[in-house]
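Peer 1: give me a 3D structure for the following:
(one chain, ligands or ions: 1)
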Amino acid sequence: MSVPISIAVVGLGYWGPNLARNASSSPSVHLAGICDSDAQRLNAIGSRFPAARRHQSLDSLLDDSDVEAIAIATPVATHAAIARKALQAGKHVLVEKPFVTSRSEARELAALASRVQRTLMLDHVFVHHPAVQKLARLYHSGELGDVTYIDSVRINLGLLQNDVDVLWDLAPHDLSIIDHLVGRPPLSVAAVGNSGGQGTPTSVAYLHLDYGDGLLASVHVNWLSPVKIRHFMVGGTRRSALYNDLDLSEPLKIYDRGVDVDHDPEGRRRTMISYRSGDVVSPTIPKVEALQNVINHFAECILSGKEPISSATQGIRVVEILEAASISLARGGAAVELLAV
Ligand SMILES: NC(=O)c1ccc[n+]([C@@H]2O[C@H](COP(=O)([O-])OP(=O)(O)OC[C@H]3O[C@@H](n4cnc5c(N)ncnc54)[C@H](O)[C@@H]3O)[C@@H](O)[C@H]2O)c1
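Peer 2: Predicted coordinates for the structure are as follows:
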């Protein structure tokens, strides 16, 4: 197998054309095909990518031996069946978030990919954002000190979906970033939420994750907010960092601000608290579209056989949290324990 990898995109609704556009402009892949069961959609998007072969059925796409890999951007309920068929046909697979609808499907696909020796990667697109990559390096270098909390807010007047609630639609973004930093599942998950009105799915949700060892994470996702906020804050004992996805010029800021706690050296059992108000640093972040990094990383993993950073294992952990969050929502916010993945 050699560069460029021949790839096809399945599902050409809202998101699929972004994958096709990035695939067609990437030096690592060649957009060999596009597929949508809706003929009108297929032809409308097909006219933008004249070199890509058009397929109205998955079977016809999978029969095309020129296609080495597929990217799935169909509704989540179809992801598992399409990914399974593609892996069985010997294709490498990139799946949109949310990966699948259950932990058992996620595990089954991960095992299948490993059995047939094909790359299975998730489009957890924010994990591939240059600002998140920088944040991860900071996190793992210890420069932030002991991280005690992660607080993520992703709110907007959003498109109410009819097949998923706001947790399954938006929280995979936050949960995959958290997983990329922390690298292990939380001990427990609790979630509360509200619908946007009768007959609508949960549209506002607050999710609390307890990772043990003094680390808590909180995720607020909301389709009903009149303002758009995308703040991802990591609080450490030495430094804190804020990734603001809407700040295009300075998406990441590192704050030398916080509270220092000292115990009275004379042993009078007084705690001395002082406030630190140091510099705010805004590191240079390369201006690369995260989805371009996703496509290039997918090709690199196919070629080298290495595990993607947004791997099926990460996908399993994110789906497991979402499943637990749904149980917690139904139980009015009671904490649900997770089994280690
Ligand atoms: N990574 C991101 O930031 C991001 C953003 C938006 C959507 N998404 C994800 O992308 C996926 C698609 O979302 P969307 O909003 O584009 O959906 P959509 O409903 O707009 O488009 C889905 C398309 O898939 C086609 N389709 C459905 N079943 C098919 C099948 N079996 N074979 C071929 N085509 C089929 C439909 O005809 C439609 O054109 C979802 O998983 C969603 O969560 C990801």
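Peer 1: quick one, strands of the stretch 1-150 of the chain?
Peer 2: 5-10, 29-35, 53-55, 69-72, 92-96, 120-123, 147-157 (DSSP state E, counting those that start in this stretch).
Peer 1: the last one near the ligand anywhere?
Peer 2: Read it as strand 147-157. No - if you take Cβ under 6 Å from any ligand atom as the test, strand 147-157 misses the ligand, and the best it gets is 10.9 Å. Backbone N, C-alpha and C define where each C-beta goes, glycine included.
Peer 1: the strands of the stretch 1-150 of the chain: which one's closest to Ala312?
Peer 2: strand 120-123 (4.6 Å; Cβ to Cβ).
Peer 1: still on that earlier bit, pipe the strands of the stretch 1-150 of the chain into a markdown table and attach mean neighbour count per row.
Peer 2: Below are the strands of the stretch 1-150 of the chain laid out as a markdown table (neighbours: other Cβ atoms under 10 Å):
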| stretch | mean neighbour count |
| --- | --- |
| strand 5-10 | 26 |
| strand 29-35 | 24 |
| strand 53-55 | 19 |
| strand 69-72 | 27 |
| strand 92-96 | 26 |
| strand 120-123 | 27 |
| strand 147-157 | 18 |
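Peer 1: nearest approach to Ala335 belongs to which of those strands?
Peer 2: Of all the strands of the stretch 1-150 of the chain, strand 147-157 comes closest under Cβ to Cβ, at 17.0 Å.
Peer 1: before we move on, the earlier item: dump the strands of the stretch 1-150 of the chain to TSV, plus mean pLDDT.
Peer 2: Output for these, formatted as TSV (pLDDT from 0 to 100):
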stretch	mean pLDDT
strand 5-10	98
strand 29-35	98
strand 53-55	98
strand 69-72	98
strand 92-96	98
strand 120-123	98
strand 147-157	97
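Peer 1: alongside the ligand, which residues does the stretch 101-250 of the chain contribute?
Peer 2: Contacts of the stretch 101-250 of the chain with the ligand, taken as Cβ under 6 Å from any ligand atom, map to 123, 125.
Peer 1: for the stretch 101-250 of the chain, just list every one of the helices.
Peer 2: 103-116, 130-141, 166-182 (DSSP state H, counting those that start in this stretch).
Peer 1: do the longest helix seen in the chain and the ligand come into contact?
Peer 2: Under DSSP state H, the helix in the chain containing the largest number of residues is helix 312-330. No - using Cβ under 6 Å from any ligand atom, helix 312-330 stays clear of the ligand, coming no nearer than 12.0 Å.
Peer 1: can you give me how far the helix or strand that that helix is followed by is from the chain middle?
Peer 2: Toward the C-terminus, helix 312-330 is succeeded by strand 336-337 as the next helix or strand (DSSP states H and E). On the basis of Cα atoms, centre = their mean, to the nearest Å, strand 336-337 sits 22 Å off its chain's mean C-alpha point.
Peer 1: in the longest helix of the chain, what's buried?
Peer 2: 312-326, 328-329 (16 or more other Cβ atoms under 10 Å).
Peer 1: the residue in the chain that the ligand sits nearest to: neighbouring residues, count only.
Peer 2: Closest contact between the chain and the ligand, by Cβ to the nearest ligand atom, is at Gly13 (1.8 Å). Using other Cβ atoms under 10 Å, Gly13 is surrounded by 13 other residues.
Peer 1: test my guess that it contacts Gln40.
Peer 2: No - using Cβ atoms under 8 Å, Gly13 is not in contact with Gln40, being 11.6 Å away.
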